[in-house]
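1. missing the sequence, but the structure's below:
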């Protein structure tokens, strides 16, 4: 177990006054089997005139707020204290073959219904034959699901280059597949597109990475900023997390912020404004272990 303090600061500088702003924030982590939120504080400057906390359709905590006074700068500061539990590596024998999972889904078994939203097209991800063909070498008939998923996760990591200049937030998975470059969001979207295209439910996970690794461990790609990875359905109430950017199973170094069908469902901060003109965005993320935490094993 390890306890972290995470800070996520967002600053918008506007070229012209914003006279009205409505925003939605996915900045409070969700509790899960491997993490527990101990404290969360969200500060907004200027002070919002309305503030509403609730859960979205995927059970993520969200905050909706409005700023009704004219402003040329918006500051959103999120402070989190969270406890992360280590989990044993998954046993490949603990899940059936991947195509047996698909058959169970195709049969619409009652215990599969909650996964269906993550098997369909979403705003930024479409099922397509080219994605199924790309995934096919790692998913021969009868291969155990976890074994196949780990192999596919490793192949994306091996064959694609991390390049922040290659894509934008709206780059489709088909373009990522063509250029074989991108960032964590791109690799997560591509992996999800491929898995859905062979009939497996997969969801997008947004979150954070530990900023500085413990001694003896490499620095993970995607620290100092928001990160993204994938969770794949491997049976009733079972989701296997995979990080294709770093070719790993998320654990003590990964903090889950929100889960959705793709990035559009869980963007950390979005909104609608009147005015503003050209703007400049600055985002900073820092995740550090607290001193009273148990050190992770190397």
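-> All right, it came through fine. What you see is a predicted model; the values in this text were computed from it and never measured.
2. Let me see the contact set for residue 60.
-> 26, 30, 258, 259, 260, 266 (C-beta atoms under 8 Å, 6 or more residues apart in numbering). C-beta coordinates here come from the backbone N, C-alpha and C atoms, glycine included.
3. now it: how far from residue 264?
-> Plainly put, residue 60 is 13 Å away from residue 264 if you go by C-beta to C-beta, to the nearest Å.
4. likewise residue 121?
-> Distance of residue 121 to residue 264, given as C-beta to C-beta: 12 Å.
5. Could you do residue 116 as well?
-> For residue 116, the distance to residue 264 equals 18 Å [C-beta to C-beta].
6. Looking at those two, which one has more neighbours?
-> Neighbour tally, residue 116 and residue 264, criterion other C-beta atoms under 10 Å: the higher count belongs to residue 264, 15 against 12.
7. wait, isn't the more buried one in contact with residue 170?
-> No: between residue 264 and residue 170 there is no contact, the gap being 9.5 Å when judged by C-beta atoms under 8 Å.
8. Skipping its backbone neighbours, what lies nearest residue 139 in space?
-> Residue nearest to residue 139 in three dimensions, not counting chain neighbours: residue 148, with 5.0 Å by C-beta to C-beta, 6 or more residues apart in numbering.
9. Okay, the one you found and residue 179: tell me how far apart.
-> Following C-beta to C-beta, the distance that separates residue 148 from residue 179 is 25 Å.
10. And the two? Which one has more around it.
-> Neighbour comparison, residue 148 and residue 179: the larger count goes to residue 148, with 24 against 14 (by other C-beta under 10 Å).
11. host element of the more buried one?
-> Residue 148 is part of helix 145-159, with elements assigned from DSSP states H and E.
12. And residue 43, by the same measure?
-> Element membership for residue 43, per DSSP H and E: strand 35-45.
13. Spell out the secondary structure type for residue 47.
-> Secondary structure of residue 47, reduced to three states by DSSP: H, G, I helix; E, B strand; the rest coil: coil.
14. circling back: what strands flank the helix or strand following the strand holding residue 43, and is each parallel or antiparallel?
-> Read in the C-terminal direction, the helix or strand following strand 35-45 is strand 50-55, with elements assigned using DSSP H and E. Paired strands of strand 50-55, with direction, are strand 61-67 (antiparallel) (DSSP bridges).
15. what separates the partner strand from the chain centre, distance-wise?
-> Taking the mean C-alpha point of strand 61-67 and that of its whole chain, the gap between them comes to 20 Å (C-alpha atoms, centre = their mean, to the nearest Å).
16. buried residues in it?
-> For strand 61-67, the neighbour count (16 or more other C-beta atoms under 10 Å) marks 61, 62, 63, 65, 67 as buried.
17. Return the set of buried residues in whatever helix or strand comes next after that strand.
-> Sequence-wise, the next helix or strand downstream of strand 61-67 (DSSP H and E) is strand 71-84. Of the residues in strand 71-84, those scored as buried under the neighbour-count criterion (16+ other C-beta under 10 Å) are 71, 74, 76, 77, 78, 80, 82, 83, 84.
18. How about stretch 167-176?
-> With burial defined by 16+ other C-beta under 10 Å, the residues of stretch 167-176 counted as buried are 167, 171, 172, 173, 175, 176.
19. Give me the spatial nearest neighbour of the first one, chain neighbours excluded.
-> Closest residue to residue 167 in three dimensions, ignoring its sequence neighbours and counting by C-beta to C-beta, 6+ apart: residue 182, at 4.5 Å.
20. Quickly find the element holding residue 135.
-> Assignment of secondary structure by DSSP H and E places residue 135 within helix 129-135.
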